[in-house]
Structure formats: structure tokens, C-alpha cells
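> Give me the fold of what follows.
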Amino acid sequence: MLPSASRFVEYVGTGSGVLALFVFGFVDATDVQSITIDLLAVTVRFVFLEALSAAAVFTFFVGLTGLLLVREVWSSRDDLEKMTDGPKLTAIVPVYRDHAVMDESVESLCESAYENLEIAIVAEPNDEATLERARELAVEYDRVTCLVNGEPGSKAGAINYAVSESDTDRFAVFDADERIAPEFLPTAMGELEAGMDVFQGRRVPRPTGVVETVAYCERIVFHASYKLVELAGFTNCRSSSTAFTREAHERVGGYDDMLTEDLDFAHACYREGLDVKQARQCTNTMEAPHTWADLWGQRKRWRVGQVEVLHATLVDLLRGRVGRRGAISIGRMCSSLLGSLFTLALVSKLLLLLVLDVESAVLLPSAALVATIGLVAWRDRRDGRIDGLVWSVALAPLCYPAFGVLTLRSFLEYGLSWDGSWYHVEKTGS
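Predicted structure coming up:
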């Protein structure tokens, strides 16, 4: 079956864009740079290719962000506020075609160390299999209730509906396939009661095979890349492994019905100046994609959603609805997308150095990345979150150029053929 005209343009545009960035990177890499140092009786001049400068900066970036992530993941949980009982907390689990996996989140939430807990499963009205299983779980567990989404069609609508139907002022949101640590909700509630508006933990795929390990590594690369912007005050908060107050939800107008409602929520919280506590030492796990097609489709969905959020925020800027924090928010999104494209130009520079027998230019950042993944995985395994990694961890450095290709393709798809639909990853409950 031949692709449509728009799809054909997307394929050609992606290929052409990758080639153009490769050529740009190669040409830029051959630029000769020099540094002159004047000593007492001698002048020393160092002459080198720009590719070496780029490789050094990239190695520094990978090493620094990796150290910051490892430091956070390994930091003590004793410094975080905790409470095992207090105000009523509603844990919201939006579900759609999740009848095979929703037991993961519900059963792990029922084992939570927080006592005053209600678990609200929010199912879509046309999803009979999931509704049936949700009702069975509501009968089986006293803490569980089943809601039929009154704003059907999106995860954002399900979360907003559950908040509107609840009489509580503290909420936490999880995906159906999440395995939530028993201490997660006591920590989240402790931080909310201490004055935080939003609490965000870490969520990683369970690396149960070759593809799943790559998905786990990609999340670590992604989390590390956020560390520098977090130092500048921007903190991510999502629609999974997240807790928030009713007041925070109302101040940002709830979750918007978007492809990546969680990214939009994070930027809305930043624009409103909410106090967000990020604690990646508090880790939950989710089911990873099991095929390369599912991994690519899921990540492309997230990146198209990022473009959608950027587009919507730019429209608000043009309409005068965005202030100083909004402008910084736009800058954050642009830096993420442009940084991904930069990796394609960087790859050609590193390939040039390989041709010139400067293998260290590739080995050093790769070693820094694999070391970061190893230290984070060691902590996750020690905490019982994962069982370990397989050989495909060696593919982790390829995540960087993959981000670039993904970004190019996502821009083109959003502008040419995206119709609002989203890719649904097959979940098996493993």
C-alpha cells in the first residue's frame, strides 16, 4: 500500500532534514580553531578542529547531567516529609483499553502505606471490557470506586472529571500499568501538607527484555537532559506518579485536552508559579513497549505532543496571554526541540573524528552515559524496582540521534498529517 502524499512528504522531508543537518555538522566540524597562550618567553598555540570542541562540550554535558541525575536518584529519602495518615487522598487511575494491565496500579495502590486513601478508576463509557474489570476491582477492594468518565475521550478529561466528582482536596494520578511503591503516597502527602502545590516522583519502564531495556535507558537519557533547566527553576510535573492539591488544579484550569496533557500541565504550573517538588529518588515503574514499532510510536506521540504544546503557547503569546514566565516556558520547549536537532549535526562531527582515529571523542561520552545508566539501574535494582538490564544497554548512545530524527518527523507530521489521533501502545501486563 502506497503512503499518502502527506506521508510521502514527511518521509522525504525527514530524510532531507537529517542529511542537511549531517552536512552542516560535517562542514562546521572541519573549521580550524586555535588557542594562543603567551608565557614569559614562549608563545604556545594549540590548533584543532571544531569537531574536537563540540565533542568536549558534549562529553561535559553528558557527564555533568549524569552526575546530577545520579545524585538525585541516590539521595536519601529521609530528607523528604512523610505521613501515613491525614487528610483524605484520592488516587486517580484513568483507564482505556487497559483491562489486562490495570490490576498493576490498583493492587499496588491498595498496598500503599497511606491509610486515608480512596482509589478512583475512571473508565471510558464505550470500553466495556475495562469497565467490567474496574467494577470487579471495586467489589474486591474497599478502597476502590469505579467512575464512568463524564468528559469522555481523553486522559485529561478523566482526571478533571474525577477531581470534580470528589470531595477531597488532595489527589494523585497514575497510569493503569504503573507499579506504585508503598512509600510513594506517604511521601507525596508529606510534601503537599508541608506546603508544596505539586509533588512529582520518577517513573521508569520495567526493562524486561531487549526493547524494554532501550526504553529504560531512553528515560534515563531524558531525565538527565532536564537537570540543567531544573537548576534554573523549571520543574517537570506530569499526569502520572504525580500528586497535587485541588487549589493547584484550579489555578491552572485543570488538565487541557491535548496529546501530552502532562507536558502542558507542567508548563502551566510553571507559568502560575506553583511550588513543585521533584523527587526522583521516589520511583515507580510502568510497562515498557515490547516492540521497536511501539517504542517509536509512543515516543513520536510524545514528541508530536510537545510540538502541539509549543504551538498552543506561541498562540497565547501572540494574543498577549503569556507573561515573563510564559516566555521562559517557550524558551524551555524550544531549547529541548532544537537541542534534539543539534544531536544530528553532532553525530556527523563525531563520525569525522572517528575517521581521523580520535576514538576517544565517541568513547568518552558513551562511557559517561553508560556509567550514568549503570548507577541509576543499580539503585533501582537495589530498591526492587527492576531485575536488571540486558545487552541492549550498549545501544543507549543511539538515543541522542534518535531524538533528532524523532523531532524532525514530529514537526512534519504535526504540520502535515496529524489529525488529533494518538498512538496506543499494546500492553500485556508483563
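
> Over to residue 100. Which of the three states is it?
coil (DSSP: H, G, I helix; E, B strand; the rest coil).

> ok, then the element right after the lengthiest strand in the chain?
When the chain is parsed with DSSP state E, its longest strand is strand 276-286. Using DSSP states H and E, the helix or strand that follows strand 276-286 towards the C-terminus is helix 292-318.

> re earlier: now for the longest strand of the chain, which elements pack on it?
Applying 3 or more Cβ pairs under 8 Å, 6 or more residues apart in numbering; DSSP states H and E, we find strand 276-286 packed against helix 50-74, helix 184-193, strand 198-205. For every residue, glycine as well, the C-beta is placed using N, CA and C.

> what are the phi and psi angles of residue 171?
phi -140, psi 150 (degrees, to the nearest 10).

> Quick check: bridge partners of it?
Using DSSP bridges, the bridge partners assigned to residue 171 are residue 90, residue 244.

> What about it, how many residues nearby?
Neighbour count of residue 171, defined by other Cβ atoms under 10 Å: 24.

> got the CA positions of the lowest-mean-pLDDT helix or strand in the chain in CSV?
Across the helices and strands of the chain, mean confidence by mean pLDDT, DSSP states H and E is lowest for strand 43-49: a mean of 73. Extracted as CSV, the C-alpha positions of strand 43-49 are listed here (Å, rounded to 0.1, in the frame of the first residue of the first chain):
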residue,chain,number,x,y,z
THR,A,43,54.1,31.6,22.9
VAL,A,44,52.1,28.3,22.7
ARG,A,45,49.4,27.9,20.0
PHE,A,46,47.0,25.0,20.0
VAL,A,47,45.3,24.3,16.6
PHE,A,48,42.4,21.9,16.4
LEU,A,49,39.2,21.1,14.5
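
> What residues of it count as buried?
Neighbour-count burial for strand 43-49 flags residue 49 (criterion: 16 or more other Cβ atoms under 10 Å).

> which other helices and strands contact that strand?
Using 3+ Cβ pairs under 8 Å, 6+ apart, strand 43-49 sits against strand 32-38.

> Next, the angle from the strand it packs on to strand 43-49.
Here strand 32-38 runs at an angle of 160 degrees relative to strand 43-49 (axes from the mean of the first three to the mean of the last three Cα atoms, to 10 degrees).

> Just checking: what are the partner strands of strand 32-38?
strand 43-49 (antiparallel).

> Let me know the angle separating the partner strand from helix 50-74.
Here strand 43-49 runs at an angle of 80 degrees relative to helix 50-74 (the same axes, to 10 degrees).

> Mind listing residues that contact strand 43-49?
29-37, 352-353 (Cβ atoms under 8 Å, 6 or more residues apart in numbering).

> please redo it, this time with the cut-off set to 10 Å
28-38, 52, 55-56, 349, 352-353, 356, 358 (Cβ atoms under 10 Å, 6 or more residues apart in numbering).

> Next: stretch 320-328.
229, 232-234, 267-268, 270-273, 313-317, 329-330.

> quick one: residue 118 is in a strand?
Yes. Per three-state DSSP, residue 118 lies within a strand segment.

> how many other residues sit next to the residue nearest to it when sequence neighbours are not counted?
By the measure of Cβ to Cβ, 6 or more residues apart in numbering, the closest residue to residue 118 outside its immediate chain neighbours is residue 90, 4.9 Å from it. Residues near residue 90, counting by other Cβ under 10 Å, number 21.

> mind checking how far residue 90 is from residue 169?
As defined by Cβ to Cβ, to the nearest Å, residue 90 lies at a distance of 9 Å from residue 169.

> what's the answer for residue 280, then?
When residue 280 is compared with residue 169 (using Cβ to Cβ), they lie 26 Å apart.

> which of the two has more neighbours?
Shown here are residue 280 and residue 169; by other Cβ under 10 Å, residue 280 has more neighbours (23 against 15).

> The closest residue in space to that one that isn't next to it in sequence: neighbour count?
Sequence neighbours aside, residue 202 is the residue nearest to residue 280 in space, at 3.9 Å (criterion: Cβ to Cβ, 6+ apart). For residue 202, the neighbour count with other Cβ under 10 Å is 22.

> cool, the one 3 residues further on as well?
When neighbours are defined as other Cβ under 10 Å, residue 205 has 23 of them.

> I'd say it and residue 288 touch.
Yes. Counting by Cβ atoms under 10 Å, residue 205 touches residue 288, with 3.3 Å between them.

> list the residues that contact both of the two?
177, 211-216, 218-219, 295, 298.

> So which of these is the closest to residue 284?
Checking these against residue 284 by Cβ to Cβ gives residue 177 as the nearest, at 10.3 Å.

> My reading is that that closest one lies in a helix. Confirm?
No. Using three-state DSSP, the assignment for residue 177 is coil, not a helix.

> What score does it have for pLDDT?
Residue 177 is assigned a pLDDT of 95 by the prediction.

> ditto for the one 3 residues further on
Residue 180 carries a pLDDT score of 97 in this model.

> residues in contact with it?
91, 93, 104-112, 172, 174, 201, 203, 240-241, 282-285.

> From the residues you listed, list the buried ones, please.
For the contacts of residue 180, a burial check counting by 16+ other Cβ under 10 Å picks out 91, 93, 104-110, 112, 172, 174, 201, 203, 240-241, 282-285.

> Residue 41 in helix, strand or coil?
Per three-state DSSP, the secondary structure class of residue 41 is coil.

> Check the burial of it by counting its neighbours.
Residue 41 sits with 5 neighbouring residues when counted by other Cβ under 10 Å.

> Quick check: can you list the domain ranges of this structure?
1-74+205-236+287-430, 78-204+237-286 (automatic domain parsing).

> Tell me which of these is the most buried.
Highest mean neighbour count among the domains of the chain (mean count of other Cβ atoms under 10 Å): domain 78-204+237-286, with a mean of 20.

> do you know how far the residue nearest to residue 280 is from residue 429?
For residue 202, the distance to residue 429 - Cβ to Cβ - is 22 Å.

> Please consider this matter closed, and thank you.
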